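Student: Give the three-dimensional model of this entry:
(chains A, B, C and D)
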Protein chains: 2
Amino acid sequence: MTSTSEKKNGGKLSRIQLENRATITQAALDVFSTDGYRGATVDRIAERAGMSKTNLLYYFGSKEEVYATVIEQTVEEWLQPFADIDPDGDPIEEIRKYISIKLKMSAQKPEASKLFANEIQRGAPLMGKFLRTRLKALVDEKADVIRSWIDAGSLAPVDPYHLVFMIWATTQHYADFDTQVEAILGSAVRKPGFQEQVGQAVLSVVLNGIRPRDE
Amino acid sequence: MTSTSEKKNGGKLSRIQLENRATITQAALDVFSTDGYRGATVDRIAERAGMSKTNLLYYFGSKEEVYATVIEQTVEEWLQPFADIDPDGDPIEEIRKYISIKLKMSAQKPEASKLFANEIQRGAPLMGKFLRTRLKALVDEKADVIRSWIDAGSLAPVDPYHLVFMIWATTQHYADFDTQVEAILGSAVRKPGFQEQVGQAVLSVVLNGIRPRDE
DNA sequence: CAAAAACTTGACTGCTTGGTCAAATTCAAA
DNA sequence: TTTGAATTTGACCAAGCAGTCAAGTTTTTG
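Tutor: Numbering: from 1, shown residues only, chains lettered A, B, ... in the order given. Next up is the predicted model:
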């Protein structure tokens, strides 16, 4: 559970440990997210963290332990806004808020999204159990919320699970495929209003669809 | 351009070459799509193709050459339905058709989608140029088509580029994240009607949105 | 059916990589 | 300030890797 650098003082980490572990996980996030688990090398992570490989392995016993730590940290943070969807809030407003936050996160921390995507694409060797238990439970819960909203007539009748997948897919696309987005849209992606423009477009489709409304 | 196994007869490939190259690219697609470029080993690809590594390298001069070949083949196939979107067709119907085909492809050949996703996530070292030239041109072209549809009042006013991204993101999600989808939906994903159910849900959202229509 | 060309492979090479070890160097508590 | 623990590192090792080579075997062709 804890790292191999565990010392006699009961679980508490020294100042240096705290600092270095933080430096390492940040560096590891960067490297793992672009190179994938297998593509990443401990040497590269160490270099990016500004220390020797040996020292890195003093804080985390193995490459896999670094990876597991980074994944854990990331997933918690990434899932928070989803957990925060309020069953008692206004449905449209809750979904609008969720999409906005996810888009903001994708723009600010694309590495986190990429790391997660990579893990899933490998077949989730590390997160498989998490997906089947905690994540499934959470999605089931939110699906029920969405269904109740539909029953109340506040939302059009849509399969809640596929709606969730659509929102995940779309929002994360801007992080995971940023290379492609940038290749197609060019420098526009770096202009200030870009994120708002994305949010506007995505919300417009998810909320209203593309079939014109005659109102 | 051609492989190192190029022989004196002008470019024509023998029966054995044809067979083996096909076997290899299929095996390579499987391995690259799950393990990524760096994670894949020539040995594994060869094993899956049922031949020695040395023999594989007789047909493709290097690991990268195999990869490039597989990527090329895949992208062409993958992009075809997008290119086929007909400016003179009925807008809603054209988009419905496109989404349906993409979903079907994702279900039938998730490896292709994963391979592509992996390449983009690595920063598209091999496809970067393709993205910025041919793909961009194609998307620009189709964006114009969509815009003309909007101007004609056949579609709600949406940014065409983001609409395209949304469709790509959503349809590919079922291939790239199949592990996650299956973890959450369980055995339902393997039941016969699943693909139609996905298509129905996705189309319903993209076409009509989730805001209820009072009609 | 013989010779050449095409095909196939095991053994090998040089390089990268995850991880170990022992020898420093720095830090913190008394 | 001393001393033991914590931290840091260079040298090293074994496994895994892409790619080479020479020596085969099979297929094609005249």
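
Student: contacts, neighbours, all on C-alpha from now
Tutor: Fine.

Student: In three-state terms, label residue A:153 for me.
Tutor: Here residue A:153 is coil, with the state taken from DSSP: H, G, I helix; E, B strand; the rest coil.

Student: Any buried residues in the helix or strand containing residue A:150, and which?
Tutor: Residue A:150 is part of helix A:136-151 when elements are defined by DSSP states H and E. Residues of helix A:136-151 classed as buried under the neighbour-count rule (16 or more other Cα atoms under 10 Å in any protein chain shown) are A:136, A:138-140, A:142-143, A:145-147, A:149-150.

Student: Is that helix positioned near chain B?
Tutor: Yes - for helix A:136-151 and chain B, the contact criterion (Cα under 8 Å from any Cα of the partner chain) is met by A:136, A:139.

Student: Now pLDDT too, for the buried residues of helix A:136-151, in TSV please.
Tutor: As requested, the buried residues of helix A:136-151 are arranged in TSV below (pLDDT from 0 to 100):
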residue	pLDDT
A:136	98
A:138	98
A:139	98
A:140	98
A:142	98
A:143	98
A:145	98
A:146	98
A:147	98
A:149	98
A:150	98
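
Student: anything in the helix ranked longest in chain A near DNA strand D?
Tutor: With DSSP state H setting the assignment, residue counts place helix A:15-39 as the longest helix in chain A. Yes - when contact is scored as Cα under 7 Å from any atom of the strand, part of helix A:15-39 falls within range of DNA strand D: A:15-17, A:20.

Student: Who wins on neighbours among those?
Tutor: Ranked by the number of neighbours (other Cα atoms under 10 Å in any protein chain shown), the residues of helix A:15-39 next to DNA strand D place residue A:20 first, at 18 neighbours.

Student: Would you map the helices across chain A?
Tutor: Ranges of helices within chain A are A:15-39, A:42-49, A:53-59, A:63-83, A:91-108, A:110-121, A:128-130, A:136-151, A:160-176, A:178-185, A:194-208, based on DSSP H.

Student: want to throw the ones you listed into CSV with distance to DNA strand C?
Tutor: Below are the helices of chain A laid out as CSV (distance: least, Cα to the nearest atom of the strand, whole Å):
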stretch, distance to DNA strand C
helix A:15-39, 6
helix A:42-49, 4
helix A:53-59, 5
helix A:63-83, 4
helix A:91-108, 27
helix A:110-121, 16
helix A:128-130, 20
helix A:136-151, 30
helix A:160-176, 22
helix A:178-185, 23
helix A:194-208, 35
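
Student: want to throw the ones you listed into a markdown table with distance to residue B:155?
Tutor: Below are these laid out as a markdown table (distance: least, Cα to Cα, whole Å):
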| stretch | distance to residue B:155 |
| --- | --- |
| helix A:15-39 | 37 |
| helix A:42-49 | 48 |
| helix A:53-59 | 55 |
| helix A:63-83 | 31 |
| helix A:91-108 | 22 |
| helix A:110-121 | 31 |
| helix A:128-130 | 41 |
| helix A:136-151 | 25 |
| helix A:160-176 | 20 |
| helix A:178-185 | 22 |
| helix A:194-208 | 11 |
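
Student: Does residue A:71 touch residue A:113 like I think?
Tutor: No - counting by Cα atoms under 8 Å, residue A:71 does not reach residue A:113; the two are 10.3 Å apart.

Student: Residue A:192: neighbour count?
Tutor: If you count neighbours by other Cα under 10 Å, residue A:192 ends up with 9.

Student: I'd like the distance between it and DNA strand C.
Tutor: According to Cα to the nearest atom of the strand, to the nearest Å, residue A:192 stands 37 Å off from DNA strand C.

Student: Before we move on, what's the pLDDT of the nearest residue to residue A:206 once chain neighbours are set aside?
Tutor: Leaving aside its chain neighbours, residue A:206 sits nearest to residue B:209 (4.8 Å; criterion: Cα to Cα, 6 or more residues apart in numbering or on different chains). Turning to residue B:209, the model gives it a pLDDT of 95.

Student: Need the phi and psi values for residue B:209.
Tutor: For residue B:209, the backbone dihedrals are phi 70, psi -180 (criterion: degrees, to the nearest 10).

Student: give me the number of residues near residue A:120?
Tutor: Look at residue A:120: counted by other Cα under 10 Å, it has 22 neighbours.

Student: ok, it - contacts?
Tutor: Residue A:120 makes contact with A:127, B:176-177, B:179-180 under the criterion Cα atoms under 8 Å, 6 or more residues apart in numbering or on different chains.

Student: Next: residue A:57.
Tutor: residue A:63.

Student: ok, now how distant is it from residue A:14?
Tutor: Remark: distance between residue A:57 and residue A:14 (Cα to Cα, to the nearest Å) = 17 Å.

Student: and if you look at residue A:41?
Tutor: With Cα to Cα as the criterion, residue A:41 and residue A:14 are 27 Å apart.

Student: higher neighbour count, the two?
Tutor: When residue A:41 and residue A:14 are compared for neighbours, residue A:41 comes out ahead with 17 against 10, by other Cα under 10 Å.

Student: any idea how far that one lies from residue B:95?
Tutor: Distance of residue A:41 to residue B:95, computed by Cα to Cα: 43 Å.

Student: what ranges of chain A fall below the confidence cut-off?
Tutor: Scanning chain A for pLDDT under 70 picks out A:1-11, A:215.

Student: okay, now the residue lying closest to residue A:63 once chain neighbours are set aside: neighbour count?
Tutor: Computed as Cα to Cα, 6+ apart, the closest residue to residue A:63 that is not its neighbour in sequence is residue A:42, at 6.4 Å. Neighbours of residue A:42 under the rule other Cα under 10 Å: 21.

Student: what's the answer for the one 4 residues further on, then?
Tutor: Other residues near residue A:46 come to 21 when the count uses other Cα under 10 Å.

Student: my guess is it meets residue A:52, correct?
Tutor: Yes - using Cα under 8 Å, residue A:46 is in contact with residue A:52, at 5.7 Å.
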